[in-house]
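>>> coordinates only, sequence not included:
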């Protein structure tokens, strides 16, 4: 979310799902397979198209399901999003469709930006992206003239080495068209996990405390030192994608992992396994044995969402209650309790003792106690309480005090950083592109029936009945050329590894591209993916790498 | 603009453009319905909501008849009651009398109305197995068209809520039936298994396979909570019997999603009780017995221990790592699946207890 | 969505071409499905492919394909449809069907069909698209070799007939516009174009012309609603779905002079401000559909249809849309649904078609006979029209007298005839050896009356007195026919033709047929008659559309006139 922070000063989804569904007149979905990854929001988009005739433009290398509901499908080549968006903005400027009042009143950096965009005329963009010039014009016309227009994206934008630039360019587009701070508009990154927004909000990041208070800012640091009663480190920590390789660089000696499975979900799994194998001490708090648990020294049984209380923050910054339905199974403990117990043990061991902190202790009886502490230290959550949530109040942060109704739309009248910042951005090709040895392009993601590393969904009988093994999507023409039929076994090989899986022949993927997922450890796409990171956000380029595809054997043989 | 009308001798006011049903319900006058659902387009098919309107020769369907100024409506006149009763009989004539074993007994709208109107189930009609019971191989959705009353709520739910058009109406007249696609299975008809049709079905024609036979409606405790899959933040009711989650059902009051859920949210809950669950703390034997780390042989075996042992070993190991290599030699990965409270604690744990900013989670992945 | 059961399959070229040939629009769905059926390629797979090519859900197209009785998704051969209508039933159609099944051999599929609209050729069949009749068991071999029977001759008026619409019967060559023009065609349109739409509206209103479908709603008023409704696009729809048993007047009107109908529609278009017209004609009338298409082409050539008719700014195009077997499509909103390529299910009303009809635009739907009259009113004026009879309802109408009369057939006469007149004066009296028992008047959804109503003058208002005119069909029965038996035939028809949308009609008609069947089989039980009454009341009070409501008309009238007889079927 570094991109939006640079442009606007705040990195979250600016609008709410219902206001997009109810008020947008046009929607650009770029790099989000919404109906499979955020299915219920996907249905809201479908309804918006059916009931209100919203003009939906889908920009995606694949012919995803949402395309059936779109007026226009821009099928850009993977990794060419900057060029595509620059091309659209070039046309907007050519036609004079930009919102001059908005640009003059609420932004800076427009001239440099314009200069860059002008170097992306439609014919050049068509060549880079593979999107025909007429389609570029049509898309620009729809997106510029139907106001408000909302932009929606997900990992298809961020999981590139230029992910942050991609995001900033979408921010550019919305500033150019004046679609910020109004219902039905905005920049709307859809957050993947149920509580990825909350994990970020709560300081689960190496550079910020809760509510994005920066660790390198002395004032913020002092605030938390006062609260927690200990001196705090002043330099930014390591990201997950740095920590794990850090093991082999002798930087990391112990890992405490809560409910994650990096051996499955991180790129270049082979290398990840080597790192996990090399760590001195790995403690894993989980509900299931996983690929990662094979490397763990201690396994602590946490619980599922049904066995605990707390809150989740959804993609639109809405804080919602999680209610305990059943008592924890077996010896398992709610995760908050395990962390608390471990913290108390470590603090008791003595080496690092808090002194006089306002919130130094770990005496939590219930999650509500923890939320009170969060509210005290997290300005955007200050007004949230279990009592308000129980009443059914719609609380989207920032909720600065207990009388505040929450903020469904950000950036009304003013950006968090004051004015919005236009950023001139250039097209940069992906880190690895097809060549003679690895002639096809692999893109990765998830499917409707499974979730991430699949540890939950593979254990759901019905979901597995429908989708019980990894399918690799292959275009019919490619399949023909490769001698592949539906349900043939194929082997996909990259410079980092190889997997075997079943071929699913479909025109969802364009010529020259295969699409795979990482739900099944035996044939996980992450054996193949490249650990090339965006230099700013450290997000891996899951969406593009070069592979070779071949037939393994026909089912008949 | 408001309109004055009289319903069952009670003078009420309602908004112009409303139907008789909307006006009546807003004024706490109940008119029974079957094919009508507030989330779906009204169709007027089932003819249960018929009412008498002064000046009209025929009964009018309250769900689709707009109110007019001065309208006089009778919702329970003898003609109305008799017509409703007969229409229920006509439906029940083609409905198996299997409430004893039907999974939705106790939350079936047809059953409720049959009770309310003291309907005698006719001896005639198409009984038993006009269609194959449990006719579709979908792993979640149990299809028994013998119980279908052709209200078409499933068709509308699929089209209007899910935007999918899997269900359709085929044949006509007495042979009319609800089919998936061109008479295929649900999955072949591109069903996403979201279960919206099940949620909107007023009878047991569409029910849930995963909890079929596990509990009667009155044996279930419902707990409203937030889904733990994606970031949309749908809410629903967990259905609990004993200390077991046996299902999920839509809660119409869910703020983000209403009745809508996806296949994972509605049906992907059975991992909760999966036998693979880690239910005891465990540590590697070498660690428990205080030897050097070894990945070979029984040294790497898991040994089940109690919490105190597991946590003490962990705390000791983390403390000694910090002593040897510094706080920044420890990395903490928190979880986007866990609660805000837990994430806050992990952040506090890394920074306050360990003393490092090496904390992250899978936001990038 | 990713699902390995969804196998990638490009849409076959043949389907793409077929869809393209018909314009690729959803309203052409029935044409496409009929073509597939004709090629014996109509099956779930081709339906799915066609749906994809049209951008429609497979379930929806499958719903359409299975709605219409002439389409079959099961494999079959050349089809001979044997009429199941009341007249054909009385003339031993069942025996004919058995004979056909026995003799036709593997090259043919023999099917039952609701009334084919060939009551004047009973017992009748449809061989492919070709009508044939009367066919006796003895003439089956000839039928299979191409013989189609003799056409009734309507060139001679009966005693007492007043011919307006039938004036040209036998006088002109229906497939030649020159012949039609020589006999006065388009003179009415000419007059209309020379005056204002308002004047035409005024004239039609003043004529008192009532719609000939059966309800008798003022044609002029309906047109005025459409003329006044907001909308750039308006439509004139000609209802030639004529699927009610006993009714075949529209077929004859087309065969006598198709231009008479086209001209009426064009006049309607001019009056209402509509530039497009559709003729929705029942699928069994394929031959008449082609005749209309030929006539339209010729009229366009001569400048009587199409753009700038006769050099005026008025443009009017007529399209022929063939149904595929569904009585319900005679209900105007079901007709519109069908015309839009959907299942022929009635719509919620309001809105009514004059404000929101075809494709949501203001639409006038009129019976074909209503259009056939219009030319003459324009031509000769309202005084002439009103002077055609001394009865309160002006003008003439077509009557079909059938059953046990000496001269069954169709004739044209003023309103206010009594059943006795229809039998004695126009039908030539009861057939030899027959005496009057009861009659079904109007059509299948008409009244079943005994001799007590023989002398009531009949018009659109007479149903209040217990005898309806409906679309003008009169089936006269003697003592060999039991009311219970005829009623069972009718309930069979309604049950087979019920669209299934609403409960009272979908199950009620089926149950009524079942009760009557039991009665006829000697298994009647106490309470049967009461149950029939309750079903009938419920059909009237609670059915979704007029067709469902109208099922109560024969039921209630039969139960009223023959209460004791019905009661006598209750045993034990």
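Nice, I can see it. Model, not experiment: these values are computed from the prediction.

>>> When you work out contacts or count neighbours from here on, use the C-alpha atoms and nothing else.
OK.

>>> What about the residue in the stretch 1-150 of chain A that chain B sits nearest to, how many residues nearby?
Proximity to chain B, evaluated over the stretch 1-150 of chain A using Cα to the nearest Cα, is greatest for residue A:43 at 5.3 Å. The local packing of residue A:43 (other Cα atoms under 10 Å in any protein chain shown) involves 25 other residues.

>>> Tell me how far the closest residue to it other than its chain neighbours lies from residue A:49.
With sequence-adjacent residues excluded and distances taken as Cα to Cα, 6 or more residues apart in numbering or on different chains, residue A:43 is closest to residue B:162, at 5.3 Å. In this view, residue B:162 and residue A:49 are 12 Å apart by Cα to Cα, to the nearest Å.

>>> you'd agree residue C:429 is up against residue C:423?
Yes - proximity of residue C:429 to residue C:423 meets the contact threshold set by Cα atoms under 8 Å, at 5.2 Å.

>>> Quick check: neighbours shared by the two?
Residues touching both residue C:429 and residue C:423 (Cα atoms under 8 Å, 6 or more residues apart in numbering or on different chains) are residue C:405.

>>> more neighbours, the two?
Legend: neighbour count by other Cα under 10 Å for residue C:429 and residue C:423, higher for residue C:423 (25 against 20).

>>> Tally up the residues packed near the closest residue to residue A:23 other than its chain neighbours, please.
Nearest residue to residue A:23 in three dimensions, chain neighbours excluded: residue A:184, at 4.4 Å (Cα to Cα, 6+ apart). For residue A:184, the neighbour count with other Cα under 10 Å is 26.

>>> Local confidence estimate at residue A:184?
In this model, residue A:184 is scored at 96, pLDDT.

>>> wait, what's in contact with it?
A:15, A:19-25, A:148-150.

>>> any idea how far it is from residue C:66?
42 Å.

>>> just residue C:155 next, same as before
For residue C:155, the distance to residue C:66 - Cα to Cα - is 40 Å.

>>> More neighbours: these two, which one.
Shown here are residue C:155 and residue C:66; by other Cα under 10 Å, residue C:66 has more neighbours (19 against 13).

>>> what's the closest non-adjacent residue to that one?
residue B:171 is the one closest to residue C:66 (Cα to Cα, 6+ apart), at 4.7 Å.

>>> Residue C:63 is in contact with that neighbour, correct?
Yes - using Cα under 8 Å, residue B:171 is in contact with residue C:63, at 6.5 Å.

>>> Give me the contact list for stretch A:26-39.
Residues outside stretch A:26-39 that contact it (Cα under 8 Å, 6+ apart) are A:41-43, A:54-60, A:64-66, A:142-143, A:146-157, A:190, A:192, A:446-448, B:230-232, B:261-262, C:1.

>>> Over to stretch C:334-343?
C:26-30, C:60-61, C:63-64, C:67, C:239, C:280, C:321, C:323, C:328-329, C:344-347, C:357-359.

>>> again, only using 7 Å
The contact list for stretch C:334-343, computed with Cα atoms under 7 Å, 6 or more residues apart in numbering or on different chains, reads C:26-30, C:63-64, C:67, C:328-329, C:344-347, C:357-358.

>>> And stretch C:376-385, by the same measure?
For stretch C:376-385, the external contacting residues (Cα under 7 Å, 6+ apart) are C:187-188, C:191-192, C:206-207, C:394-395.

>>> which residues sit in contact with the spatially most central residue of chain C?
Nearest to the mean C-alpha position of chain C, counting by Cα atoms, centre = their mean, stands residue C:242 at 0.7 Å. Contact analysis of residue C:242 by Cα under 7 Å, 6+ apart lists C:248, C:250, C:282, C:330.

>>> quick revisit: chain A: which of the contacts of stretch C:376-385 is nearest?
Lowest distance from chain A to these (Cα to the nearest Cα) belongs to residue C:192, with 41.6 Å.

>>> you'd agree that closest one is up against residue C:200?
Yes - judged on Cα atoms under 7 Å, residue C:192 makes contact with residue C:200 at a distance of 6.2 Å.

>>> any idea how far residue C:559 is from residue C:486?
Residue C:559 is 12 Å from residue C:486, by Cα to Cα.
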